[in-house]
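Participant: Curious how this folds, go ahead:
(one chain, ligands or ions: 1)
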Amino acid sequence: FRGRGVWRYRPLLPVSDDVKPVTMGEGGTPLIRCENIEAWLRDRYGVAPRVYVKFEGANPTGSFKDRGMTVIASIARSLRVKLVAAASTGNTASSAAAYTARAGLKMVLVLPKGKVAKGKLGQSILYGATIIEVDGSFDDAMKAVQDAVEASKGGIYPFNSFNPWRLEGQKTIAFEIAEEIGVPDFVIVPVGNGGNISAIWKGFNELHKAGLIDKLPRMVGVQAEGAAPLATAFEKGLDKPLFVDKPETVATAIRIGRPVNWMKALRAVKESGGLFTKVSDDEILSAMRMLASMEGVGAEPAGASSLAGLLKLVEDGTIGNNDTVVLVATGHALKDPDAMLRASTKMLHASSSSEAAKLLLEMA
Ligand SMILES: Cc1ncc(COP(=O)(O)O)c(/C=C/C(=O)C(=O)O)c1O
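Facilitator: Purely as a prediction, here's the structure:
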């Protein structure tokens, strides 16, 4: 393997040699050891797994989506497609808008009106995509794209994660983790459509089949209690999701009621001997604050839900002392300024600079 990031693993990507990558150096993200959180777990539960966070907020547009977009934009450009479309809760939109801009492709996004975090809507506008805001949920937006793609008979190229090229790029998360620390016991992934957890599982399986690793991690999917079609089905031992008509959560990135990759996600969790878990919005916001104020890692709510999942699994004894755990923090905190302001604690007010100086001096 040569170079860094997603294209380091080009030999393991199903992309023919004549395809010139559309790339901004995506991937190669930090894998950050969380020793302060480990100490907190030891004090609180007497348990200290080794905890790493794979910070996907460090990608060019601030989420793991860039890994898949670099692959699909490269292929779409080589195919000279006329029009590209995607539905999104926001990060697919931001990333698709950036990579299609770079590839010179025309991009139309269908977004659920009023349900996309400000940072992501701003990015999508800034990168120059055409945006259709639909009154309804992400699932309505996704249906619109699927219907139009079908009716266009090839005229519209779909960029959503039911397009396997995206998942091929996202599997490189597994390659980077394995290269850096080997195979963890658990990989905890926030789950919306279910694409990312299945892509990461695919990556580990490919390394295992190639004889490059000799064990596999247990995949843990985390969903928000108000948007948990897969986690609810899993806890009831069902093998089909319980679709949620009106998904609700502060973690708007994973406010998805009809996951399109549910079959792959369920299979990844079952094959790996893993599990799904559900976390409340309060647990998500407090995990967001904990990850930032204890480790300096700023993740958006959905990204921090992997830490919320870890706390649950340590509390119930699933994860213990000798376990090594990787939390996938899927998106940067800057994506969702409103959520950040909700997570903030105390703020003091001074009506003048001398008063501010006085307040500050009192803290010395
Ligand atoms: C920060 C963040 N964390 C987790 C997920 C869930 O990943 P999947 O389970 O592969 O869907 C998303 C997904 C976002 C979109 O689906 C979209 O942008 O349309 C995300 O942005």
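Participant: Flag every residue of the chain that's near the ligand.
Facilitator: 63, 88-92, 161, 190-196, 253-254, 300, 302-303, 330-331 (C-beta under 6 Å from any ligand atom). Bear in mind the C-beta positions are built from the backbone N, C-alpha and C, glycine included.
Participant: helices or strands up against the least confident helix or strand in the chain by mean pLDDT?
Facilitator: None of the helices or strands of the chain scores lower by mean pLDDT, DSSP states H and E than helix 337-343, at a mean of 90. If contacts are counted by 3 or more C-beta pairs under 8 Å, 6 or more residues apart in numbering; DSSP states H and E, helix 337-343 sits against helix 118-126, helix 281-295.
Participant: Output the ones you listed as CSV; include the columns mean neighbour count and mean pLDDT.
Facilitator: Listed next are the helices and strands packed on helix 337-343 as CSV, based on neighbours: other C-beta atoms under 10 Å; pLDDT from 0 to 100:
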stretch, mean neighbour count, mean pLDDT
helix 118-126, 20, 98
helix 281-295, 20, 97
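Participant: Point out where this protein drops to low pLDDT.
Facilitator: Regions of the chain meeting the criterion pLDDT under 70 cover residues 344-345.
Participant: could you pull out the strands for it?
Facilitator: Along the chain, the segments classed as strands by DSSP state E run 31-33, 50-55, 83-87, 106-112, 130-134, 156-158, 186-190, 218-224, 275-279, 324-329.
Participant: Now do the fifth one and helix 118-126, the angle between them.
Facilitator: Spelled out, that is strand 130-134. 140 degrees (axes from the mean of the first three to the mean of the last three C-alpha atoms, to 10 degrees).
Participant: Show me the contact partners of stretch 230-241.
Facilitator: With C-beta atoms under 8 Å, 6 or more residues apart in numbering as the test, stretch 230-241 has contacts from 191, 194, 221-223, 229, 242, 258-259, 262, 265-266, 269, 275-278.
Participant: go with 7 Å
Facilitator: 191, 194, 221, 223, 229, 242, 259, 262, 265-266, 269, 275-278 (C-beta atoms under 7 Å, 6 or more residues apart in numbering).
Participant: who wins for most neighbours among those residues?
Facilitator: Counting neighbours by other C-beta atoms under 10 Å, V191 comes out on top of the contacts of stretch 230-241 with 35 neighbours.
Participant: Now it: closest residue in space, sequence neighbours ignored.
Facilitator: G221 (4.0 Å; C-beta to C-beta, 6 or more residues apart in numbering).
Participant: What residues does that neighbour make contact with?
Facilitator: Neighbours of G221 in contact, by C-beta under 7 Å, 6+ apart: V189, V191, I197, L230, A231, A265, V269, F276.
Participant: F64: what's it in contact with?
Facilitator: Here F64 is in contact with E56, Q170, I173, N196, T330 (criterion: C-beta under 7 Å, 6+ apart).
Participant: I figured the second one hits S198, correct?
Facilitator: No: taking contacts as C-beta atoms under 7 Å, Q170 lies outside contact range of S198: 8.9 Å.
Participant: What count of nearby residues applies to the closest residue to T249 other than its chain neighbours?
Facilitator: Distance criterion C-beta to C-beta, 6+ apart; nearest residue to T249, sequence neighbours excluded, is A224 at 3.4 Å. Residues near A224, counting by other C-beta under 10 Å, number 30.
Participant: ok, now A76?
Facilitator: 26.
Participant: May I have the residues that are in contact with it?
Facilitator: Neighbours of A76 in contact, by C-beta under 7 Å, 6+ apart: V84, A103, L105, Y157.
Participant: Report the separation between it and A148.
Facilitator: 16 Å (C-beta to C-beta, to the nearest Å).
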